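**Student:** the sequence isn't on hand, but the structure is:
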């Protein structure tokens, strides 16, 4: 019997901040899985900052989502029917079939989840791309040493909140920036950051960073960009390391934003700045997940999920996340 | 008998491009060398882009030159009198006593030159800080692989002209940017660059870079900054490496110049960008000079010196170099 499948397709290229009308809910019949394929019913959909880039129409690291195409994204689902020997009905698996109530996978990009190990939603967050992004970006690019100061922008976000906690595990001073007093309290009181800056109520960022980082900044993990990042350079210590993970402050700019040219600082501070994409670490995901899971079991790593209920609310959940209304990893629970 | 010593002191902090009146020629008696010290008569004075930063009044990697203080800089001189067992009258040595017709050194920062090995001026250029800057910046930071494309800005300058030649020695395609057709011809015809862009007669830099680097840019050695560097990012290959050596286009800005924020490109290209200072490689200078000297002997490395005669012309030689009127390493011959 054919299954009705609701999906969000891209209706229009967003100009600036996306609007709900840039996405359109359509209902289509989903075909039966072919040989080797798996049919899944979606339980959770991940919404993440990188998606803004994928709908901009510009080819970046991946082809853009075309108008009329299903919106991309990581998902968790229950196997309804499997013609793949690796999966059977009832299995819970993480994949990448997008904003869709059902999905078909050829099994290669599907990861069966051990539901006894951790709540399945962690596969989209702390034990998924989010946690891995924090893990490899901080440890592999910034290489923080015990006693150093680590600054992370977007500290209350999905990635940032894990970065600061890993910095603490590694014996560093962890400082964050966030967009509300509630977020500042959360990262300090709940997650163990040493301090955080509310960038919306303070304007002298460089002065604030000097206060919060009296010994200077050795590592900067940047999720945000813009004026915060401008202010970081004067506060860097010599030979600082910067990981550029995201630039959420810039994603909705309708034309490239101008800022003070930073490269003079690179010489003065002899700093190293590197952009990265978690997909480049795919061959090391096992190592990262094992370590993150260990910290989670040992209670060293806390994670907060920001669950929005109802598949039809996916665009709104995504837009809100871009506006910063989430604390922790935003996930849509389909039903 | 006391020796009259002419020196240039900093008379005023330059606003924008330095003027000759920002320096003042003074005549003072030089004291006799004390125990362990060496008195030298200056033969050559080096003028280099980094000096603009040292007179700006801002503490960068070194304290600024104060008003009334002797202008800093690398020098070559002949030992007039030595109370240091390591030197004797008649020796030729390289040091750092600044824009001064005589200097006193305690011997620690003094390097005796073997005049039979190479012309002594090479100690200020290809076999001195200039060559070492090219060598370590390119090989240690950019790590070019055979077959890759290396772009260098300021290609006809002292450092840039060596960078491109080392890139060729390493089997790379070497592309330069320079500010005149004569410079473009020089780097291509005399130094063996594969191609170069005259950035003053072409405005579409990104288009030009795509033409000159059809396989993309893997390594960028930046001496210049500004609009050239902006245009490099779209033309980078994935995992490109950028060494920030200088930003001469920005040194005379009276306030920080604005440009398009670059960090989004860092993610798209997953590039690594690092600023450096040659002093950080001091422990490896021997290795660098040995290799540069070997290439010089083997005829693989050409170098051009741009000699200005007359100590009194030092400020003019410096200002002209900032304006780009030199080809190769600018040196002032004292008499």
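**Tutor:** Everything's here; your move. Being a predicted model, the structure only gives us computed values, none of them experimental. Numbers count the residues shown, from 1 in each chain, chains lettered A, B, ... in the order given.

**Student:** show me where the stretch 51-200 of chain A has its helices.
**Tutor:** Listed in chain order, the helices of the stretch 51-200 of chain A (DSSP state H, counting those that start in this stretch) span A:129-136, A:158-169, A:181-185.

**Student:** possible to save these as TSV with mean pLDDT and mean neighbour count?
**Tutor:** C-betas here are computed from N, CA, C, even on glycine. Putting the helices of the stretch 51-200 of chain A into TSV (pLDDT from 0 to 100; neighbours: other Cβ atoms under 10 Å in any protein chain shown) gives the following:
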stretch	mean pLDDT	mean neighbour count
helix A:129-136	97	26
helix A:158-169	97	27
helix A:181-185	97	17
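
**Student:** out of these, nearest to residue A:213?
**Tutor:** Ranking the helices of the stretch 51-200 of chain A by their distance to residue A:213 (criterion: Cβ to Cβ) puts helix A:158-169 first, at 12.4 Å.

**Student:** name the helices or strands packed onto that closest one?
**Tutor:** helix A:129-136, strand A:149-153, strand A:173-178, strand A:217-222, helix A:285-297 (3 or more Cβ pairs under 8 Å, 6 or more residues apart in numbering or on different chains; DSSP states H and E).

**Student:** output the helices of the stretch 51-200 of chain A in JSON lines, with distance to residue A:221 appended to each entry.
**Tutor:** Output for the helices of the stretch 51-200 of chain A, formatted as JSON lines (distance: least, Cβ to Cβ, whole Å):
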{"stretch": "helix A:129-136", "distance to residue A:221": "8"}
{"stretch": "helix A:158-169", "distance to residue A:221": "5"}
{"stretch": "helix A:181-185", "distance to residue A:221": "16"}
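
**Student:** out of those, the one nearest residue B:266 is which?
**Tutor:** helix A:129-136 (14.7 Å).

**Student:** show the contacting residues for residue A:254.
**Tutor:** Neighbouring residues of residue A:254 by Cβ atoms under 8 Å, 6 or more residues apart in numbering or on different chains: A:15, A:16.

**Student:** ok but it is inside a helix, no?
**Tutor:** No: counting by DSSP: H, G, I helix; E, B strand; the rest coil, residue A:254 is located in no helix; its state is coil.

**Student:** how near is it to chain B?
**Tutor:** Distance, residue A:254 to chain B, using Cβ to the nearest Cβ, to the nearest Å: 13 Å.

**Student:** from residue A:57, how far off is that residue?
**Tutor:** 12 Å (Cβ to Cβ, to the nearest Å).

**Student:** and for residue A:290?
**Tutor:** With distances taken as Cβ to Cβ, residue A:290 is found 38 Å from residue A:57.

**Student:** looking at those two, which one has more neighbours?
**Tutor:** residue A:57 (13 against 10; other Cβ atoms under 10 Å in any protein chain shown).

**Student:** pLDDT value on that one, please?
**Tutor:** If you check residue A:57, the pLDDT there is 80.

**Student:** is it true that it touches residue A:14?
**Tutor:** No: using Cβ atoms under 8 Å, residue A:57 makes no contact with residue A:14, being 9.3 Å away.

**Student:** sorry, back to before: to chain B, which of the helices and strands packed on helix A:158-169 lies closest?
**Tutor:** Chain B lies closest to strand A:217-222 among those, at 7.0 Å (Cβ to the nearest Cβ).

**Student:** spit out the contact partners of the closest residue to residue A:56 other than its chain neighbours.
**Tutor:** Closest residue to residue A:56 apart from its sequence neighbours, by Cβ to Cβ, 6 or more residues apart in numbering or on different chains: residue A:64 at 6.5 Å. Going by Cβ under 8 Å, 6+ apart, residue A:64 touches A:54, A:55, A:56, A:57, A:58.

**Student:** do the same with residue A:98
**Tutor:** A:7, A:45, A:70, A:71, A:72, A:73, A:75.

**Student:** please identify the most buried of the helices and strands packed on helix A:158-169.
**Tutor:** strand A:149-153 (a mean of 30; mean count of other Cβ atoms under 10 Å in any protein chain shown).

**Student:** now tell me what touches that strand from outside.
**Tutor:** Counting by Cβ under 8 Å, 6+ apart, A:138, A:142, A:144, A:160, A:163-164, A:167, A:172-177, A:209, A:213, A:215-225, A:228-229, A:232, A:237 sit against strand A:149-153.

**Student:** near chain B, which residues of the stretch 201-335 of chain A show up?
**Tutor:** Contacts of the stretch 201-335 of chain A with chain B, taken as Cβ under 8 Å from any Cβ of the partner chain, map to A:222, A:225-226, A:229, A:244-247, A:250, A:256-277, A:280.

**Student:** inside strands: which ones of those residues?
**Tutor:** Applying DSSP state E to those, the entries found in strands are A:222, A:244, A:258, A:259, A:260, A:272, A:273, A:274, A:275.

**Student:** list the contacts of the second one.
**Tutor:** So the one you mean is residue A:244. Per Cβ under 8 Å, 6+ apart, neighbours of residue A:244: A:222, A:225, A:273, A:274, A:275, A:276, B:263, B:266, B:267.

**Student:** just the buried residues of those residues.
**Tutor:** A:222, A:225, A:273, A:274, A:275, A:276, B:263, B:266, B:267 (16 or more other Cβ atoms under 10 Å in any protein chain shown).

**Student:** pLDDT wise, what is the closest residue to the second one other than its chain neighbours at?
**Tutor:** By the measure of Cβ to Cβ, 6+ apart, the closest residue to residue A:225 outside its immediate chain neighbours is residue A:247, 3.5 Å from it. The pLDDT attached to residue A:247 in the predicted structure is 94.

**Student:** equivalent analysis for the one 5 residues further on, please.
**Tutor:** Predicted confidence (pLDDT) for residue A:252: 86.

**Student:** if I look at it, how far off is residue B:50?
**Tutor:** Taking Cβ to Cβ, one finds residue A:252 at 39 Å from residue B:50.

**Student:** likewise residue A:63?
**Tutor:** For residue A:63 relative to residue B:50 (Cβ to Cβ), the value is 44 Å.

**Student:** those two - which one has more neighbours?
**Tutor:** Between residue A:63 and residue B:50, residue B:50 has the larger neighbour count (other Cβ under 10 Å), namely 20 against 9.

**Student:** thinking that one is in contact with residue B:246, fair?
**Tutor:** Yes: Residue B:50 is within contact range of residue B:246, at 7.1 Å (criterion: Cβ under 8 Å).
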